[in-house]
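> Predicted model follows, preceded by the sequence.
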Amino acid sequence: MTVSRAAAAFALLLSGAALAQEDRPAYVRALAAGYKAAFVCSNLFNGGISQEQTEADDLRGTYAALNPIFPALTAKVDRQNRTVSVAYDGAMPPRIAVWRPSLGCTQLPIGAGPDAAASLPRIAIRPPDLDARAWPTGDRNALAPAGARSAAMQRIVATAFDRRTYGQGSETTAVVVVRNGRIVQERYRPDLNMHSSQRTWSVAKSIAGTVVGAAVQQGLIDVAAPSPVPEWQRAGDPRQRITTDQLLRMASGLHSDHAGNRTDALYFGGVAVADQAGGWPLVAPPGTIFRYANNDTVLAIRGLQHVLGDGEKSLRFPFESLFWKVGMTRTVPETDWRGHFVMSSQVWTTARDLARLGLLHLNDGMWNGERILPPGWRDYVRGHGAAQPATGFGYGATWWTFPAASDLPQDAIVAQGNRGQYLVVIPSRALVIVRRGFDGTGMNFDVTRFTRDLLAALPA
């Protein structure tokens, strides 16, 4: 499936939202089936979230054109083989998502049967059991003394769950606030807990930027050099000029189907990273325009994996060089069926693991005396390039910054994702804030106001 055909199919989906299930284009139904298979698989096998809960949370309030299709599609779970299949067309195999240890669920290509699961890349490593270690690497003694957990902050966190104070109809699932290295506030929706995993959506981009930072620290890649994306290495390809830094800053100059390109073919259609992300042409000189694009982050990680050999070493790298070093043992970065990470969105993790990521940046890349990220990396990811969004939040290198008019600390960095995923790091206040959610379309959580209120309530 080419990019242009995927875009055209999605346009058909938008124009045919009122069609009966059997009248929808087959590719559109395949996308919806892939979406359902992927979310049921990842929630169930990554985080132990039931199919019923997935139906209630992840398959409601999403893309307006997809929502009507989901109820007509039945997800069949094979717990023994850790697969989920969703039939959508009597003449075609069902869409199939397959879970693998550490790498989570991947979708088989449209038209592939269950036998194709045997060829999926796997890695023979498992996360260490660190829970009994002291916080933040483990969970022991994570909570700050009672005197550091103010009643004012507790009230603010409680209102984040009321579905109106910080956004009418918003749906908060978790809040974790860390001050001076310890958790001062932590609350979850009643059916979830500290080990419940959710999709990060675009917070994954900030995770990807951190993975790149770990590679820079090890001397494996130079962000100022041309990105080693293998699809661009043929002589005469003008995209050879694009640097990894420009990819991290959404300033590649590459075209996409529209700003913030949805990459539905990659996320839900079983299309591989190399086929979906590597083929777009330049429309502007690299570094001159800001265009929010999932592809840019996907390509930055594609280049890193190529440097690492595109094999097991590249799959092990995020775990052994970052996640497990800082205690993020419940973080699962998923891949396409060829073994390339889709780290623009498809990462499942917990609120506490995101807090750990925030602490790593707050401490300028140091963890238990070991340097994980280069010195000054938190300033690098915060620093604005020449190409910036026209309004609102600023953009660094996979991390956002608050609007200047917000009057929030200038050293703050923000990771943001669809449906209300936020990670805020403010080094000058020794503060990390995590908010997870299932916000529906038009039900945005006001993270700027929430952050301001929490800062005002900090104990002296």
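Arrived safely, thanks for sending.

> Tell me where the stretch 101-250 of the chain has strands.
104-107, 172-179, 182-188, 198-199 (DSSP state E, counting those that start in this stretch).

> what would those look like in a markdown table with mean neighbour count, distance to residue 137 and mean pLDDT?
Using the backbone N, CA and C atoms, a C-beta is placed for each residue, glycine as well. Below are the strands of the stretch 101-250 of the chain laid out as a markdown table (neighbours: other CB atoms under 10 Å; distance: least, CB to CB, whole Å; pLDDT from 0 to 100):
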| stretch | mean neighbour count | distance to residue 137 | mean pLDDT |
| --- | --- | --- | --- |
| strand 104-107 | 26 | 22 | 97 |
| strand 172-179 | 24 | 14 | 98 |
| strand 182-188 | 20 | 13 | 98 |
| strand 198-199 | 27 | 22 | 96 |
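
> so which strand or helix has residue 266?
Following DSSP states H and E, one finds residue 266 within helix 264-267.

> pLDDT below threshold where in this structure?
For the chain, the stretches flagged by pLDDT under 70 are 1-24, 258-261, 460.

> Grab the most central residue of this protein for me.
For the chain, residue 204 is the residue whose C-alpha lies nearest the centre (CA atoms, centre = their mean; 2.6 Å).

> what sits against it?
Residue 204 is in contact with 297, 333, 343-347, 417, counting by CB atoms under 8 Å, 6 or more residues apart in numbering.

> which two from these end up farthest apart in space?
Between any two of the contacts of residue 204, the greatest separation by CB to CB is 14.0 Å, found for 333 and 417.

> Just want to know which of the two has more residues nearby.
Counted by other CB atoms under 10 Å, residue 333 and residue 417 do not tie: residue 333 has more neighbours, with 25 against 22.

> Wait, the more buried one touches residue 106, no?
No. Using CB atoms under 8 Å, residue 333 is not in contact with residue 106; the gap is 11.1 Å.

> re earlier: CA-only coordinates of the helix holding residue 266 in PDB, if you can.
C-alpha atoms of helix 264-267 as PDB (Å, rounded to 0.1, in the frame of the first residue of the first chain):
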ATOM      1  CA  ASP A 264      -2.700   5.500   9.700                       C
ATOM      2  CA  ALA A 265      -1.100   3.000   7.300                       C
ATOM      3  CA  LEU A 266       1.800   2.500   9.700                       C
ATOM      4  CA  TYR A 267      -0.200   2.700  12.900                       C
END
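
> could you point out which element follows that helix?
helix 273-276.

> And the helix or strand following that following helix, what does it pack against?
Toward the C-terminus, helix 273-276 is succeeded by helix 294-307 as the next helix or strand (DSSP H and E). When contacts are defined as 3 or more CB pairs under 8 Å, 6 or more residues apart in numbering; DSSP states H and E, helix 294-307 sits against helix 203-217, helix 244-248, helix 273-276, helix 312-318.

> Recalculate using a threshold of 6 Å.
Applying 3 or more CB pairs under 6 Å, 6 or more residues apart in numbering; DSSP states H and E, one finds that helix 294-307 contacts helix 203-217, helix 244-248.

> need the longest helix for the chain.
What stands out as the longest helix in the chain, according to DSSP state H, is helix 26-47.

> centre of the chain versus that helix, how much separation?
From the chain centre to the centre of helix 26-47 is a distance of 16 Å (CA atoms, centre = their mean, to the nearest Å).

> One more: stretch 38-48?
Between the mean C-alpha location of stretch 38-48 and the chain-wide mean there is a distance of 15 Å, by CA atoms, centre = their mean.

> what does stretch 103-114 give?
With CA atoms, centre = their mean, you get 20 Å for stretch 103-114.

> can you check stretch 452-460 too?
That offset, for stretch 452-460, works out to 28 Å (CA atoms, centre = their mean).

> Please export the C-alpha coordinates of that stretch as PDB.
The C-alpha trace of stretch 452-460 is given here as PDB (Å, rounded to 0.1, in the frame of the first residue of the first chain):
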ATOM      1  CA  ARG A 452       0.500  26.600  37.300                       C
ATOM      2  CA  ASP A 453      -1.900  25.500  40.000                       C
ATOM      3  CA  LEU A 454       0.500  22.800  41.300                       C
ATOM      4  CA  LEU A 455       3.400  25.200  41.300                       C
ATOM      5  CA  ALA A 456       1.400  27.700  43.400                       C
ATOM      6  CA  ALA A 457       0.600  24.900  45.900                       C
ATOM      7  CA  LEU A 458       4.100  23.700  46.400                       C
ATOM      8  CA  PRO A 459       5.300  23.700  50.000                       C
ATOM      9  CA  ALA A 460       8.000  26.100  50.800                       C
END
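
> Buried residues in it, which are they?
Neighbour counts using 16 or more other CB atoms under 10 Å place 453-455, 457-458 of stretch 452-460 among the buried residues.

> same thing with stretch 235-242?
239, 241-242.

> what's the answer for stretch 429-445, then?
For stretch 429-445, the neighbour count (16+ other CB under 10 Å) marks 429, 431-440, 443-445 as buried.

> Give the residues shared as contacts by residue 333 and residue 417.
Common contact partners of residue 333 and residue 417 (CB atoms under 6 Å, 6 or more residues apart in numbering): none.

> Residue 446: neighbour count?
Neighbour count for residue 446, taken as other CB under 10 Å: 14.

> which is the next helix or strand following the longest helix of the chain?
Once the chain leaves helix 26-47, the next helix or strand it forms, by DSSP H and E, is helix 51-57.

> Can you spell out which helices and strands pack onto that next one?
So helix 51-57, by 3+ CB pairs under 6 Å, 6+ apart, packs with helix 26-47.

> Please name every helix or strand in contact with the helix it packs on.
In terms of contacts (3+ CB pairs under 6 Å, 6+ apart), helix 26-47 is packed against helix 3-15, helix 51-57, strand 83-86, strand 95-100, strand 104-107.

> Specify the angle between that helix and strand 95-100 in degrees.
Put simply, helix 26-47 runs at 20 degrees to strand 95-100, going by axes from the mean of the first three to the mean of the last three CA atoms, to 10 degrees.

> Could the C-alpha coordinates of helix 26-47 be exported in CSV?
The C-alpha coordinates for helix 26-47 follow below in CSV (Å, rounded to 0.1, in the frame of the first residue of the first chain):
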residue,chain,number,x,y,z
ALA,A,26,-12.2,-2.8,2.2
TYR,A,27,-9.0,-0.9,3.1
VAL,A,28,-10.9,1.4,5.4
ARG,A,29,-12.4,-1.6,7.2
ALA,A,30,-8.9,-3.2,7.3
LEU,A,31,-7.6,0.0,9.1
ALA,A,32,-10.4,-0.2,11.6
ALA,A,33,-9.8,-3.9,12.2
GLY,A,34,-6.1,-3.3,12.6
TYR,A,35,-6.8,-0.5,15.1
LYS,A,36,-9.0,-2.7,17.2
ALA,A,37,-6.6,-5.7,17.0
ALA,A,38,-3.7,-3.6,18.0
PHE,A,39,-5.3,-1.9,21.0
VAL,A,40,-6.9,-5.1,22.4
CYS,A,41,-3.5,-6.9,22.0
SER,A,42,-1.3,-4.2,23.5
ASN,A,43,-3.6,-3.4,26.4
LEU,A,44,-4.2,-7.0,27.3
PHE,A,45,-0.7,-8.4,27.0
ASN,A,46,1.4,-5.3,27.8
GLY,A,47,-0.6,-4.0,30.7
